[in-house]
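A.B. asks: Take this sequence and fold it.
(chains A and B)
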Amino acid sequence: MIPGGYGLPPSSKILKKDRLPSFLERLLEERIVFAPVRRGEVILIREIHAPSEVVLEYENAKESPKSIFFPEREPLFRYRTEKGKVEVDIPPGRERSRVVFGIRPCDARGLLLLDKVLGGEYRDPYYFDKRAETLVVSLACDHPNPSCFCLSMGGGPCSPEGSDLLLLDLSDGYLAEAVSERGAALLEDPAFEKSDEESLAVAKKIKRESEVSMKPVAMKENLEEHLERVFDDPVWKDLTETCLGCGICTYLCPTCYCFDLCDEAAGSSGERIRVWDSCQFPLFTQQASGLNPRPTAKERFRQRIMHKFSYLPKSQAMLGCVGCGRCVTECPVNLDIREVVKSLSGGNGG
Amino acid sequence: MHNPYLPYPVRIDQITTETEDRNLKTFRFVFLDPEDEKKFSYIPGQFAELSIAGKGEIPIGIASSPTEGGVVTFTVNKVGQVTNYLHNMKEGEVMGIRGPLGNWYPWEEMEGKNVVIIGGGFAFTTLRSSIVYMIHPDNRPRFKDITVVYGARNPGMLLYKDELAAWEQRDDINMHITVDATDDPNWKYNVGFVPTVTEQKIKSADDAFAIVCGPPIMIKFTQPVLEKLGFPAEKIILSLEMRMKCGIGICGRCNIGDQYVCKDGPVFSLAQLKRMPPEY
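C.D. replies: Numbers count the residues shown, from 1 in each chain, chains lettered A, B, ... in the order given. Sure, this is the predicted structure:
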């Protein structure tokens, strides 16, 4: 945090919309820039090469930006075996620093959970190499989607958590609030101008209206403990009836991080790679003996909910859900995690 | 800081076939770089990922004791892709070991106590590590009576047969070897299931810890025997198995509740397990 704290006048400036391209130009000179771009019908966060590619009038990107820090497929090392020797090469780290520009606050906040999980007792060098060299500039949500519920998950449509700089659309320009020292340094760019009292007042009003527009999720207090009590409740079976186990919820989730390690080899050389995996797949926990502690969709679905709403709050003091709503909108059988939490909150608690 | 995904290179120094069905082999490894051996400093009860380039990794309990030094050994059941490949490897070949991983048996709490070790089948590996560790002259005075109940389906399926015979000869460790059944007229030890032999041979839970490792069915029937003897759940120590990948509490598949078997385990007391959801 910068001295003076988040959101105070000295740490905020105005970026007029006509000056945005020049700012992005200068960012592109120094960094690899990821930003929302249109690809067919959808918005994705991708590397850009020109400011004109960037789309900032959007709801949310189809995929979370976690792959920028935690790729879907990532080589951990290459090896070559020869005559009783194994040679190992670790891929080099980042050569250029990067910025993720214009992602939504829920996704930025999701990075904080990844930081905790991947930065525990064993620090994941691949993730933190990317994280350390990447600035996060997020764009606050002035019109959250009906599927959004970040506020109920401890964040908010204009939450600064996880960002270095937070932009808020004031129609002719953006109020840019520095959240970290790195974010404050970005405000030194000549594209930014001083903010005024009126802009700050407008921003405050937009934030409040945005928050008020969100429908809260009916969630029991101390849900993490309540869920432990309903672990064996028959309600899980009913909730899981329609689940196909496709795993789309986990792939799109900004905080899901489960992975598999596998080898891709050809002859005497190959790579050990890390690939995303999903707790929704039967083989995820299947042991070589044939035993599977989570044998049906019910146990696997329960694991996903318990992990996000009970285990992570207990171990990391943070929910494993930031309320982005992707699993709600993309589930092929319309399983709504908000309804699941609501149903479980209503249980008797055995 | 060491990259936790990177295995240490090791050479297969010796391969011993343990059981008559030839499905269990003990692999003795030597570190290519002596510095790595120092970094791989372990305590009985821990495990490691055996890593074969092009095939992948498997989590296996460490069967050697740190008191042995110079080598590290693992007894591996041939059951999946990696273990099948490993079973066909030859002495002198090079592969990797990643670890040591997980926690260990509660050695500090067990100091000055009686220790009862109960093992079944090929889950005897980290128990072998523990026995070798405890009967080492430096460590033996730290424990009171050491009693071992170890069973297998038949005499040919016992691991570490030479060592078992040697331990039988010692007077500072009480051995109770048993088999489920045998038609060998020369069999001189017990016949009967591990829980039954435990009930016959273990007389007291006074000032004692019990470490139990074995197939789920053995654990299920041994547990009430120990409880009847008066072992409190805090002093019944178990080691769990789960499918694992990273071994460092991140990849997400070996958890029981909020506990990761790879990082918070594999060793848990029965008291701890009773507080966890029954998902193992």
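A.B. asks: Next, B:Thr182: secondary structure please.
C.D. replies: coil (DSSP: H, G, I helix; E, B strand; the rest coil).
A.B. asks: Identify each buried residue in stretch A:275-282, please.
C.D. replies: Buried residues in stretch A:275-282, counted by 16 or more other Cβ atoms under 10 Å in any protein chain shown: A:276-281. C-beta: built from backbone N, CA, C; applies to glycine.
A.B. asks: ok, for B:Gly61, nearest residue in space, not its chain neighbours?
C.D. replies: B:Thr126 (4.1 Å; Cβ to Cβ, 6 or more residues apart in numbering or on different chains).
A.B. asks: average pLDDT for the helix or strand where that neighbour lies?
C.D. replies: Here B:Thr126 sits within helix B:125-135, counting by DSSP states H and E. Model confidence over helix B:125-135, given as mean pLDDT, is 97.
A.B. asks: thinking again about what came up before, hmm, B:Ser64 and the residue nearest to B:Gly61 touching each other?
C.D. replies: No: using Cβ atoms under 8 Å, B:Thr126 makes no contact with B:Ser64, being 9.9 Å away.
A.B. asks: out of these two, which sits in the busier spot?
C.D. replies: B:Thr126 (28 against 24; other Cβ atoms under 10 Å in any protein chain shown).
A.B. asks: and that one, what does it touch?
C.D. replies: B:44-47, B:61-63, B:105, B:213, B:239 (Cβ atoms under 8 Å, 6 or more residues apart in numbering or on different chains).
A.B. asks: and what of A:Asp89?
C.D. replies: A:77-79.
A.B. asks: cutoff 7 Å now
C.D. replies: With contacts defined as Cβ atoms under 7 Å, 6 or more residues apart in numbering or on different chains, A:Asp89 is in contact with A:77-78.
A.B. asks: That one and chain B: what is the separation?
C.D. replies: With distances taken as Cβ to the nearest Cβ, to the nearest Å, A:Asp89 is found 11 Å from chain B.
A.B. asks: now swap in A:Arg46 and tell me
C.D. replies: According to Cβ to the nearest Cβ, A:Arg46 stands 27 Å off from chain B.
A.B. asks: closest to chain B among the buried residues of stretch A:275-282?
C.D. replies: Nearest to chain B, judged by Cβ to the nearest Cβ, of the buried residues of stretch A:275-282 is A:Cys279 at 6.3 Å.
A.B. asks: where does that closest one land on pLDDT?
C.D. replies: Listed pLDDT for A:Cys279 reads 96.
A.B. asks: what residues does the stretch 101-250 of chain B put near chain A?
C.D. replies: Counting by Cβ under 7 Å from any Cβ of the partner chain, the stretch 101-250 of chain B comes close to chain A at B:243, B:245-246, B:248-250.
A.B. asks: before we move on, back to that, tell me, which of the buried residues of stretch A:275-282 make contact with chain B?
C.D. replies: Near chain B, by the rule Cβ under 7 Å from any Cβ, you find A:Cys279 out of the buried residues of stretch A:275-282.
A.B. asks: In CSV: the buried residues of stretch A:275-282, plus distance to A:Met306 and secondary structure.
C.D. replies: Formatted as CSV, the buried residues of stretch A:275-282 follow (distance: Cβ to Cβ, whole Å; DSSP: H, G, I helix; E, B strand; the rest coil):
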residue, distance to A:Met306, secondary structure
A:Trp276, 20, strand
A:Asp277, 17, coil
A:Ser278, 15, coil
A:Cys279, 10, coil
A:Gln280, 13, coil
A:Phe281, 17, coil
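A.B. asks: what's the spacing between the closest residue to B:Arg142 other than its chain neighbours and B:Ser129?
C.D. replies: Distances taken as Cβ to Cβ, 6+ apart put B:Glu111 closest to B:Arg142, at 5.1 Å, once the chain neighbours are dropped. To B:Ser129, B:Glu111 is 17 Å away according to Cβ to Cβ, to the nearest Å.
A.B. asks: More neighbours: which of these two?
C.D. replies: Counting neighbours by other Cβ under 10 Å for B:Glu111 and for B:Ser129 shows that B:Ser129 has the greater number, 27 against 12.
A.B. asks: can you pull the contacts of that one?
C.D. replies: Counted by Cβ under 7 Å, 6+ apart, B:Ser129 has contacts B:44, B:62-65.
A.B. asks: which residues touch the helix or strand A:Gly110 falls within?
C.D. replies: Take DSSP H and E as the rule and A:Gly110 turns out to sit in helix A:105-118. With Cβ under 7 Å, 6+ apart as the contact definition, helix A:105-118 has outside contacts at A:64-66, A:69-70, A:124, A:127, A:131, A:136, A:138, A:140-141, A:150, A:155-159, A:161-163, A:254-255, A:257, A:316, A:318, A:320, A:322-324, B:250.
A.B. asks: Just the buried residues of those residues.
C.D. replies: Using 16+ other Cβ under 10 Å as the threshold, A:64-66, A:69-70, A:124, A:127, A:131, A:136, A:138, A:140-141, A:150, A:155-159, A:161-163, A:254-255, A:257, A:316, A:318, A:320, A:322-324, B:250 are the buried ones among the contacts of helix A:105-118.
A.B. asks: Please list the members of those that lie in strands.
C.D. replies: A:136, A:138 (DSSP state E).
A.B. asks: separation between A:Cys331 and A:Trp276?
C.D. replies: Counting by Cβ to Cβ, the gap from A:Cys331 to A:Trp276 is 18 Å.
A.B. asks: What's the local residue count around the nearest residue to B:Ile58 once chain neighbours are set aside?
C.D. replies: Leaving out its chain neighbours, the residue that sits closest to B:Ile58 by Cβ to Cβ, 6+ apart is B:Val82, at 4.6 Å. For B:Val82, the tally of surrounding residues (other Cβ under 10 Å) stands at 21.
A.B. asks: Same check on the one 10 residues further on?
C.D. replies: Around B:Gly92 there are 9 other residues, counting by other Cβ under 10 Å.
A.B. asks: That one: which element?
C.D. replies: Judged by DSSP H and E, B:Gly92 forms part of no helix or strand.
A.B. asks: That one reaches B:Arg11, doesn't it?
C.D. replies: Yes: counting by Cβ atoms under 7 Å, B:Arg11 is a contact partner of B:Gly92 at 6.5 Å.
A.B. asks: I appreciate the help and will end here.
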